[in-house]
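[1] Here's a sequence, model it:
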Amino acid sequence: MTSKKTKRSIAVIWSISAVLITVSCLGCSRGPKIASVRGTVTLDGEPLPYAAVVFNPENGRPAGATTDENGEYALNFTQGREGALIGEHRVIITTRRDPWKDPNGEVHPSSSEKLPTKYNTQSTLTFTVEPGKTNVADFDLESSAPESQASRKPGARR
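    Residues are numbered from 1 along each chain as shown. Model prediction:
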């Protein structure tokens, strides 16, 4: 036979355990499932610096990045979360931008669009983000190639 103190102690232990399990599970689901996406964008074989790269899923929040001086990028889903939603995305790449400041405070002037519309406003670029891996989405763009000749590295599709 158990005493009232023992029953009370067991009840307290169960209560504390339930609270700990609940609190630990709050961090288990930190939003939708995403996967890392990084890559390189080139234009006519040369790195394309400071281009905006946006992955738009059929449903859900887009992910975006800006290429560095080497044309490399890593997508950001939200502040503090790198990657993009799992699944098929329409990809938009543009060089048009308003004046902006980099992280060092240096002001960069606005820039006009250097790319054909098939890469931005009428984009034909797509990419499928797969779970559980770092997805590499490289895009080799051509400034004046006909639609059928636009080339992209494996993993990226038209």
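[2] Quick check: beta-bridge partners of the closest residue to residue 45 other than its chain neighbours?
    Leaving aside its sequence neighbours, residue 45 sits nearest to residue 140 (Cβ to Cβ, 6 or more residues apart in numbering; 7.5 Å). No exception for glycine: its C-beta is placed from N, CA and C like everyone else's. With beta bridges defined as DSSP bridges, residue 140 has these partners: residue 42.
[3] how close does residue 140 sit to residue 71?
    Residue 140 sits 10 Å away from residue 71, going by Cβ to Cβ, to the nearest Å.
[4] neighbour-wise, which of these two wins?
    For residue 140 and residue 71, the more surrounded residue by other Cβ atoms under 10 Å is residue 71, and the numbers stand at 21 against 16.
[5] Tell me, how many residues neighbour the closest residue to the more buried one other than its chain neighbours?
    Spatial nearest neighbour of residue 71, chain neighbours left out: residue 47 (3.1 Å); criterion: Cβ to Cβ, 6+ apart. The local packing of residue 47 (other Cβ under 10 Å) involves 15 other residues.
[6] Low-confidence stretches in this protein?
    Counting by pLDDT under 70, the chain contains low-confidence residues at 1-30, 145-158.
[7] any chance you could map the helices in it?
    Counting by DSSP state H, the chain forms helices over residues 4-26, given from the N-terminal end onward.
[8] hang on, the earlier thing: joint contacts of residue 140 and residue 71?
    With contacts defined as Cβ atoms under 8 Å, 6 or more residues apart in numbering, the residues shared by residue 140 and residue 71 are residue 42.
[9] show me what contacts the residue nearest to residue 97 when sequence neighbours are not counted?
    Spatial nearest neighbour of residue 97, chain neighbours left out: residue 111 (5.4 Å); criterion: Cβ to Cβ, 6+ apart. Contacts for residue 111 were tallied using Cβ under 8 Å, 6+ apart; they are 50, 95-97.
[10] Surely the residue nearest to residue 45 and residue 42 touch.
    Yes - applying Cβ atoms under 8 Å, one finds residue 140 in contact with residue 42, separated by 5.1 Å.
[11] and residue 143, how far is that from residue 70?
    Relative to residue 70, residue 143 is positioned 19 Å away (Cβ to Cβ).
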